[in-house]
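# Provide a 3D model corresponding to the input given below.
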Amino acid sequence: MKVKRRSAADARAPSPPTDFGLSISERLRLLMQRKGRSIEALAAASGLARNKLDAVAAGEAAPTINLVWKIANALGVPFGSLVAARKRGGNIVLRKATEKVYFSNDGRLTSRPLLPHDCKRLVEFYEMTIAPDYVARSEAHGAGTLESLVVVRGEVAIVVGKEASQRLKEGDAMTFEADVPHSYHNLGSTEALLYLVMSYVNLASF
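Here you go, the predicted model:
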């Protein structure tokens, strides 16, 4: 899933790397330095090719969401510590027209962060849309990670690990352990809208 820094009004076609990719590269280098990890060690821990990690660390590529998740899991940090805006003092307003939106490769899933990253409160809050009859699959997150979601519009099926599919309609909510593979399937003929909260335990951040 490609990570782009684009407004909600922008077209969803792929585009060249942006300063959002550069911010990920800066945070990645800082995390690697603080944890004493080399590119070689991170490649071995994440299962990613070194040339991909080199490109991300150099700010030469717009990383995908799946790639960032692999890096975060290998480093033992929350996803938001690599991509989310940093928490600042005072009131924080995130305008829909100007905030970052994450896209899947085909543009059929979007995710928008609704909280800035705060290393003292390992909670993330996202708005997620899923195209009609689209299945979004996610790899396992770090041990102890929980996801809580509510369906605002549409009808979706959630599959967690080897458990039976859970069918959720508008207003239904679900919490599950996200440290196993899981998926979200939009069962309807129109775009589904969900709000998703992720919470972590025993993860370092910065």
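# now the helices for this protein?
When assigned using DSSP state H, the helices of the chain occupy the ranges 19-35, 39-46, 50-57, 65-75, 80-83.
# possible to save those as a markdown table with mean neighbour count?
C-betas here are computed from N, CA, C, even on glycine. Conversion of the helices of the chain to a markdown table gives the following (neighbours: other CB atoms under 10 Å):
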| stretch | mean neighbour count |
| --- | --- |
| helix 19-35 | 17 |
| helix 39-46 | 16 |
| helix 50-57 | 17 |
| helix 65-75 | 21 |
| helix 80-83 | 24 |
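# Output the ones you listed in a markdown table; the columns should cover distance to residue 163 and mean pLDDT.
Written out in a markdown table, the entries for the helices of the chain read as follows (distance: least, CB to CB, whole Å; pLDDT from 0 to 100):
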| stretch | distance to residue 163 | mean pLDDT |
| --- | --- | --- |
| helix 19-35 | 33 | 76 |
| helix 39-46 | 27 | 94 |
| helix 50-57 | 32 | 92 |
| helix 65-75 | 21 | 84 |
| helix 80-83 | 26 | 78 |
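# I'd like to know which of the ones you listed lies nearest to residue 164.
When the helices of the chain are compared for distance to residue 164 using CB to CB, the nearest one is helix 65-75, at 24.8 Å.
# Give me the residues contacting the closest one.
Judged by CB atoms under 8 Å, 6 or more residues apart in numbering, the contacts made with helix 65-75 from elsewhere in the structure are 1-3, 24, 28, 31-32, 35, 37, 42, 45-48, 52-53, 56, 63, 78-79, 81-83, 102, 104, 111, 138-142.
# try 6 Å
With CB atoms under 6 Å, 6 or more residues apart in numbering as the test, helix 65-75 has contacts from 1, 3, 31, 42, 45-46, 48, 79, 82, 102, 142.
# The helices of the chain: which one's closest to residue 195?
Across the helices of the chain, residue 195 has its closest neighbour in helix 80-83 (15.6 Å, CB to CB).
# Identify the farthest-apart pair in the contacts of helix 65-75.
The widest separation within the contacts of helix 65-75, taken as CB to CB, falls between 45 and 102 and amounts to 23.2 Å.
# Ok, which of the helices of the chain comes nearest residue 154?
Of all the helices of the chain, it is helix 65-75 that lies closest to residue 154, at 20.8 Å by CB to CB.
# what angle separates the closest one from helix 19-35?
Using axes from the mean of the first three to the mean of the last three CA atoms, to 10 degrees, the interaxial angle of helix 65-75 with respect to helix 19-35 works out to 10 degrees.
# who are the neighbours in contact with the residue of the chain positioned farthest from its centre?
With distances taken from the mean C-alpha point of the chain and given as CA atoms, centre = their mean, the most distant residue is residue 90, at 25.4 Å. When contacts are counted by CB under 6 Å, 6+ apart, residue 90 touches no other residue.
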